[in-house]
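**Q** I would like to see how this sequence folds:
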Amino acid sequence: MMLAAASITYLAPQAEEMRANYTRQWTSAMGMEGFDLARFMSSESEMLLWKAEGLPADPLSAANAVCVLNSTQPPLIVDPSSHTAHWLETHLRGSGAKGDSSGSSVESVAMHEERFTNALELAVRFGKTIVVREADHIEPILYPILRKDLVRQGPRLAVQVGDKLVDYNEDFRLFLVTRSPAPSLPPDARHLVTSINCNVTRGGVESQLLGIAITHEQPELERQKSELLKKEEELRLELVTLEEALLDALATSEGNLLENRALISSLEETKVKAVTIEKSLEEAHKLQVTLDAQRSVYKPLASRGAALFFLLGDLSHLSHMYRFSQSTFQRLFERALESEAPANDLGARMSVLLATLLSLVHGYVVRTLFKADRLTFGMHLAHAIAAEAIAGRAAGGDTLDAEEGMSDPAWDHFLGQAAMEGGAGADGRAPAWVPNERAHKFAALASAFPEVGHACAQAGQEWASWAAQPQCEASFPQGVAGSSASPLARLMLVDAVRPDRLQAAMEAYVCEALGCRTLPAPSGGLARLHAESISSEPVVFITSTGSDPSQELEEFAGRMVGLERFRQVAMGQGQAEPALALLRECAAKGDWLCLKNLHLSLSFLPILEKEIHALEPHESFRLFCTTQEHDGVPAGLLANSLKVSYESPPGIKKNLQRSYDAWPTTFVGQGSVARAQMLFCLAWFNAIVQERRTYGVQGWTKFYEFSFADLRCASDILEIACKGGDSSGIKWKYLHGLLAQAIYGGRVDNPYDVRVLNAYLRRYFCQQAVSGRPMPGTGLLLPTSTNHRDYLELIASMPDADTPALFSLSPNVQRTVVQANADSVRSRLRELRSASLLASTAGSGFSRERWAVSLGPIMRQWESLMTGAPQLREGFKRAGGRGANTQLSPIAAFVELEGSNGRKVVRAIDQTLAAIGAVLRGRDMLTAETKADAEALLASCVPASWDTLWEGPKEPLAYCRAAARLAGALDGWQRAATDGSLLARPLDLGQLFNPARFLKALAQQAARGLRVPLEALALRTSFTATGAPANGCLLEGLSIEGAAIQGGVLVEVAPDAPNLAPAPPCAIEWVARGHAAADMSTSTSMLRVPLYFDYGRSAALCELEVACPASDIDNWILHAPAFFTAQH
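**A** Predicted coordinates for the structure are as follows:
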């Protein structure tokens, strides 16, 4: 009994896993074996009754029901799925409160309803049972009742309810229910209620899905099991009755027991009945085993369903908007059961049901996701199928055996989270057919998976032919890394050798897991959406910037129900009450309602969510909502809605069509032909600057929010500029200045992006643009008319797909885009994994085992790096440097400081990982600092203590490798600086932690030599020099993106060229400003190209001059070429 009391009091708020852990500890301490709260505090017949009343059949729900009914304090039921809440009301009304079988003394009211105070007062006065729904917090009116601040007035008790002193009836009972998974409870309220955690668990979902499957497939099995459990309970009760009768007969017997014939006869009769009952129980047990075996046939289907449901829960880490409820998933599960499948062959039917469920879930979810997240979800789903062997267990076969042997290590390697022995294949050995720039990556793969490396070393000609194929992911040579290997092994091979095909390979990997040829497109169309929707579930359109489905929705509503039955409200200030009134009216009449821009009324949304939940709508009613992504949208509203992502179609053509759809025919037609042509140039320019964002940092270094408002303002300026009617009177420079400074350029803050913007302005707003010149990158000629239709026809003739030539980008930019997309997917997968791990450990605190598994790779990697370079640890004692030395030259002083800073970085990493290792081995206590560092690493983030010393790669493993590599390279720099030969040899800036400081030190040293101030210096560069200049150095190891260099001149690259091309050595020298042009805008034949430390183009180190044809300078500016130091 003590254990039951402790479980109800202390474990009710905890999750299922935590309850099990504490129960094991308590039973072990008390010397008990096994304790089941539900079976101890209830009976089989009572639990069968609860199930009939709507309580889910899983053990956790039964335990929660026991806690609800036996809590001494008012229970606060945390029930996002509402299953327990619905059962509670049914149970209370069925059994009544305090024996009132009519159930009339049970009141149910939502906390936000106007009648809440009156209902509470009446319940207290007349001893009713009240169920308070939507109790997301404790209202002040409840505190006196919860604290039982009773006042005695003669024979009566009274309690304060609001502003009234109300008679208190001791039969009064209070139940609080909330759908919020984390209700707000202040410290002074937590001890007044018993929180009961009814959040769904994987076991609970699996049990519920199993019940649904059996009820649908073989309802007779469920009926037989219920009857069997009821019969077992009756037999056990009969056995208990016999035992009690026997004890009573023995207690009341008089005289010699052996001479009491009636007693002996009774004993013999009891024995016969007991034996009969025992045999009946044994037979019932055998029958139950048989029934459970028949039920277990459907368990793999339920197991897959539960796994998929919790997999969907991870998506909220990608976006707050991606949330799904259990009731929604159950409807998908029921739809899968209704699919056509062979009923006479159970094995074949199960295979069809499994595939159908997977397809339905994938199709439902991708409709919710933005395009950028769909491949991430597909990869997450495909890996889950392989890693957890969902399909294999369900089919009872070896579907995924080929994957299981390498699933975790391979996935770690693919995500870049695996330790690499000896510095990750630092020797760079690879077969001759592997491109030089991919040798390091391939060597790391071969080191981690020798069987892959061995297979690729054979048949070199065949592999070389494979690597040169345009779609290499579609066909592999035979072998360990060929078609007979696991899909993940093939994916890793493409990643190592052909990263430009990685995105396509990921799509193939997902298709193989889903069992389809191509990735299924989202099942779109408002008609399909309407068919799947129900009156009690709102349809939420998650829109991207600039997209709006309301017009399309209005046209569809006009066809389906008529515009007189379609109402719309644009949310904003003062629209809450009208929206609620319309919601109630439309729900009652069965009309359609659209609430637009919910993200503009965030404070109203919790009220809206509760109102929707309380509605009893007409069957024809539909509620549509539009909102942009925002973390303030209630999770419950999102989870219990049918969500659809709505994005503007990409491409220049679609963008132009949207612009001309927004411009009325009269607006385009008024004025001169030159004005109409200039409007088209403006729409084209607007489309170019918006769609250029598709190409990542090579398009714009950051995402600029160019919008329709910019187009509208620019058209007003254009209207003024074209007032003269003739284009010859347009002041082009004046127009350029306004567009660059006041409108579009006002959003741009990077000087190289400003340069690109100005180049576009010069290209599209000039006399040639309205003088019969084709639009750049196309053969399109502008109509010589003011007819709106002519321009629409010109737009319609354009191809749907864009080409780099439209933007004047390099021909191989698409390779950069797909590689960046693949890297983004991989980064999001790491985020998903880390967030899921942190979420799973959030409630259980520090777990040595989980930390050891998750942090093991980075600790092993660091130890491997330190073992390979023992001098790095030996240098810790010199981490502070040798102090200030005024005799050192600026370059020597920089090298000394750089070495000191490098050792500090290495020491910080070493100390952090050593502290974590000591905690995991039980040698040290877990301090707040160590915990913060470990949690950052668990989240795949660089700890703040490292980042303050050096802003390197954002992924911890990459950070450690880069830090060890740079610290090791600095030894060579220090030796060369000591003997004075540093500037005489070629230098690699990619070997420095802070290359920008080196360039400043070089400038200081040049200024001293030339005896001029730093402001008087300019940087002169040359890609044709053969040696280091007098006041500079020779840089090597540079790469260029967006172009190539031949003979010191920029040249175009082929469409299939790698995204990065090696640059020749570059001589840099600081000279007096009069000897070199420093202003890039005055250069006509030399283009100043930025040099970056990282591929994200976050901050330029300097500018390197490269020759290009003078007439082509704007074209090369639009190519946005950039140099990079060596990779991290």
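**Q** what's the burial count for the residue lying closest to Leu937 once chain neighbours are set aside?
**A** Once flanking residues are discounted, Leu937 sits nearest to Pro956: 5.3 Å by C-beta to C-beta, 6 or more residues apart in numbering. Quick note: C-beta positions are derived from backbone N, CA and C, even for glycine. Residue neighbour count, defined by other C-beta atoms under 10 Å, stands at 25 for Pro956.
**Q** Remind me which helix or strand Thr701 belongs to.
**A** Using DSSP states H and E, Thr701 falls within no helix or strand.
**Q** re earlier: quick check: the residue nearest to Leu937 vs Pro857, distance?
**A** The spacing between Pro956 and Pro857, counted by C-beta to C-beta, to the nearest Å, is 9 Å.
**Q** for Ser727, same thing?
**A** When Ser727 is compared with Pro857 (using C-beta to C-beta), they lie 65 Å apart.
**Q** again with Trp663
**A** Here Trp663 is placed at a distance of 57 Å from Pro857 (C-beta to C-beta).
**Q** In the stretch 151-300 of the chain, where is pLDDT below threshold?
**A** Applying pLDDT under 70 to the stretch 151-300 of the chain flags residues 222, 225, 228-229, 232-233, 235, 255, 257-260, 281, 284, 291.
**Q** Tell me, how many residues neighbour Arg1097?
**A** If you count neighbours by other C-beta under 10 Å, Arg1097 ends up with 22.
**Q** Return the backbone torsion pair for it.
**A** Here is the backbone geometry of Arg1097 (degrees, to the nearest 10): phi 50, psi 40.
**Q** That one and Val1106: what is the separation?
**A** To Val1106, Arg1097 is 17 Å away according to C-beta to C-beta.
**Q** again with Val905
**A** From Val905 across to Val1106, the span is 33 Å (C-beta to C-beta).
**Q** ok, now Leu37?
**A** According to C-beta to C-beta, Leu37 stands 76 Å off from Val1106.
**Q** go on, Ala639?
**A** The spacing between Ala639 and Val1106, counted by C-beta to C-beta, is 55 Å.
**Q** now do Phe324
**A** As judged by C-beta to C-beta, Phe324 and Val1106 stand 52 Å apart.
**Q** tell me which element Val1089 falls in.
**A** strand 1086-1092.
**Q** just how off-centre is that strand within its chain?
**A** The chain centroid and the centroid of strand 1086-1092 are separated by 36 Å, computed with C-alpha atoms, centre = their mean, to the nearest Å.
**Q** likewise stretch 825-833?
**A** Taking C-alpha atoms, centre = their mean, the mean C-alpha location of stretch 825-833 is offset from the chain mean by 8 Å.
**Q** could I get that stretch in CSV with only the CA atoms?
**A** Provided in CSV are the C-alpha atoms of stretch 825-833 (Å, rounded to 0.1, in the frame of the first residue of the first chain):
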residue,chain,number,x,y,z
VAL,A,825,20.0,18.5,-45.6
ARG,A,826,22.9,16.9,-43.8
SER,A,827,23.1,19.9,-41.4
ARG,A,828,19.3,19.7,-40.7
LEU,A,829,19.6,15.9,-40.1
ARG,A,830,22.4,16.6,-37.5
GLU,A,831,20.0,19.1,-35.9
LEU,A,832,17.2,16.6,-35.8
ARG,A,833,19.4,14.0,-34.2
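**Q** any idea how far the residue positioned nearest the centre of the chain is from Met32?
**A** Nearest residue to the geometric centre of the chain (C-alpha atoms, centre = their mean): Leu318, 1.6 Å. Distance from Leu318 to Met32, counting by C-beta to C-beta: 45 Å.
**Q** can you give me phi and psi for the residue nearest to the centre of the chain?
**A** Backbone torsions of Leu318, given as degrees, to the nearest 10, read phi -80, psi -40.
**Q** Just the pLDDT for the closest residue to it other than its chain neighbours.
**A** Distances taken as C-beta to C-beta, 6+ apart place Asp373 nearest to Leu318, at 5.4 Å, with adjacent residues excluded. On pLDDT, Asp373 comes in at 94.
**Q** correct me, but Asp373 touches Met321?
**A** No - checked against C-beta atoms under 8 Å, the pair Asp373 and Met321 is beyond contact range at 10.1 Å.
**Q** Can you check which residues contact both of these two?
**A** Between them, Asp373 and Met321 share no contacting residue under C-beta atoms under 8 Å, 6 or more residues apart in numbering.
**Q** Tell me which strands the strand holding Val1089 pairs with, and in which orientation.
**A** strand 1100-1107 (antiparallel), strand 1122-1124 (parallel) (DSSP bridges).
**Q** buried set for the first one?
**A** What it means is strand 1100-1107. Buried residues in strand 1100-1107, counted by 16 or more other C-beta atoms under 10 Å: 1100-1107.
**Q** Determine which two of the residues you listed are furthest apart.
**A** Farthest apart among those by C-beta to C-beta are Leu1101 and Ala1107. That separation is 20.7 Å.
**Q** Do me a favour and get the backbone dihedrals for the spatially closest residue to Gln1004 that is not a sequence neighbour.
**A** Leaving aside its sequence neighbours, Gln1004 sits nearest to Pro890 (C-beta to C-beta, 6+ apart; 4.0 Å). Main-chain torsions, Pro890, degrees, to the nearest 10: phi -50, psi -40.
**Q** Pretty sure Pro890 sits against Leu999.
**A** No - checked against C-beta under 8 Å, the pair Pro890 and Leu999 is beyond contact range at 11.0 Å.
**Q** would Ala158 count as being in a strand?
**A** Yes - with DSSP: H, G, I helix; E, B strand; the rest coil as the criterion, Ala158 is located in a strand.
**Q** Pull the number of nearby residues for it.
**A** Ala158 has 17 nearby residues by other C-beta under 10 Å.
**Q** now do Glu244
**A** 10.
**Q** how much space between it and Glu269?
**A** Distance, Glu244 to Glu269, using C-beta to C-beta: 15 Å.
**Q** next one: Met492
**A** Look at Met492 and Glu269: by C-beta to C-beta, they are 75 Å apart.
**Q** what's the distance between the residue nearest to Phe703 when sequence neighbours are not counted and Val756?
**A** Excluding the flanking residues, the one nearest Phe703 by C-beta to C-beta, 6+ apart is Arg693, at 5.9 Å. Taking C-beta to C-beta as the measure, Arg693 falls 12 Å from Val756.
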